[in-house]
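Enquirer: Sequence first, predicted model second:
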Amino acid sequence: MFGILFASFESMSTTLTLTFKFLSENPRVVEELRVEHEAIVKKRENPNSRLTWEEYRSMTFTQMVVNETLRISNIPPGLFRKALKDFQVKGFTVPAGWTVMLVTPATQLNPETFKDPVTFNPWRWQDLDQVTISKNFMPFGGGTRQCAGAEYSKLVLSTFLHILVTNYSFTKVKGGDVSRTPIISFGDGIHIKFTARA
Ligand code: HEM
């Protein structure tokens with residue numbers, strides 16, 4: 001039961017809450033998101049039509065914001081794998097049958113790959129190549145057991161951002177302290193004031 005709730009509910013709600021924290025603390029990011037999404041709306045022949053797949057695929061900066069949120073948040077503290085045969089790591093033998101925990105935050109917050117790793121900076125993704133990304137960024141795990149909801153989650157987060165920045169302005173009222181026990185929690189929560197945009 002914990003696994004089901006963690007996979008589907010906790011992961012998305014925590015990521016969205018963190019998105020609000022990062023955006024309300026970084027107004028320049030909101031401005032650039034707004035430029036991207038207002039351009040999408042402007043290009044539509046029918047202004048009331050729904051978001052299309054092509055529009056989603058054109059959201060370059062939005063993808064950087066989603067990646068940066070997932071990189072810093074490290075929703076799962078690690079991935080588990082079972083050693084199928086003995087293998088060596090730096091002179092140590094990991095015996096077959098042992099469970100290995102891959103601590104993904106160690107790579108996602110590695111200052112050698114991600115300069116100032118705890119600074120929320122979506123623009124850093126412009127300078128990262130695909131090989132570096134695939135080896136150091138695994139918010140949804142990897143291999144055959146990769147998160148079944150990975151693409152769906154990115155689509156939901158991007159759609160959410162589209163509706164948010166085109167329809168609302170928002171500011172943080174209070175809160176936003178984050179702790180890990182080992183899942184992420186928000187102490188007194190994060191209080192956001194929304195205003196509908198004309
Ligand atoms: C931001 C949101 C999410 C994050 C960061 C996330 C992350 C992860 C990670 C790290 C794993 C383990 C992968 C591995 O061991 O290689 C996982 C597994 C899984 N996730 Fe997600 N997840 C998210 C959202 C979702 C959603 C929305 C769903 C369902 C709709 C979902 C369904 C699953 C399932 C079914 C597995 C188990 C896959 C398997 O073992 O074969 N996840 N997720």
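Expert: Okay, I see it.
Enquirer: Could you look up the SS state of F160?
Expert: Assigned with DSSP: H, G, I helix; E, B strand; the rest coil, F160 falls in the helix class.
Enquirer: which residue packs closest to it, ignoring adjacent ones?
Expert: L16 (6.6 Å; C-beta to C-beta, 6 or more residues apart in numbering). To be clear about C-beta, it is placed using only N, CA and C from the backbone, and glycine gets the same treatment.
Enquirer: secondary structure element for the one you found?
Expert: Using DSSP states H and E, L16 maps to helix 11-25.
Enquirer: can you list contacts of that helix?
Expert: 29-30, 33, 65, 68-70, 72-73, 75-76, 120, 149, 153, 156-157, 160-161, 170-172, 176, 178, 183-184, 186, 190, 192 (C-beta atoms under 8 Å, 6 or more residues apart in numbering).
Enquirer: which parts of the chain sit against the ligand?
Expert: 7-8, 11-12, 15, 70, 75-76, 79, 139-142, 145-149, 152-153 (C-beta under 6 Å from any ligand atom).
Enquirer: now the helix holding L16, how far from the chain's geometric center?
Expert: Mean-position distance between helix 11-25 and its chain equals 9 Å (C-alpha atoms, centre = their mean, to the nearest Å).
Enquirer: Just the CA trace of that helix, in CSV.
Expert: Presented in CSV, the C-alpha positions along helix 11-25 are these (Å, rounded to 0.1, in the frame of the first residue of the first chain):
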residue,chain,number,x,y,z
SER,A,11,5.5,11.7,-5.9
MET,A,12,3.3,14.1,-7.9
SER,A,13,2.0,16.2,-5.0
THR,A,14,5.4,16.6,-3.5
THR,A,15,6.9,17.6,-6.9
LEU,A,16,4.1,20.1,-7.5
THR,A,17,4.5,21.6,-4.0
LEU,A,18,8.3,22.0,-4.6
THR,A,19,7.5,23.6,-8.0
PHE,A,20,5.5,26.3,-6.2
LYS,A,21,8.3,26.8,-3.7
PHE,A,22,11.0,27.1,-6.4
LEU,A,23,8.9,29.4,-8.7
SER,A,24,7.7,31.7,-6.0
GLU,A,25,11.3,32.2,-4.9
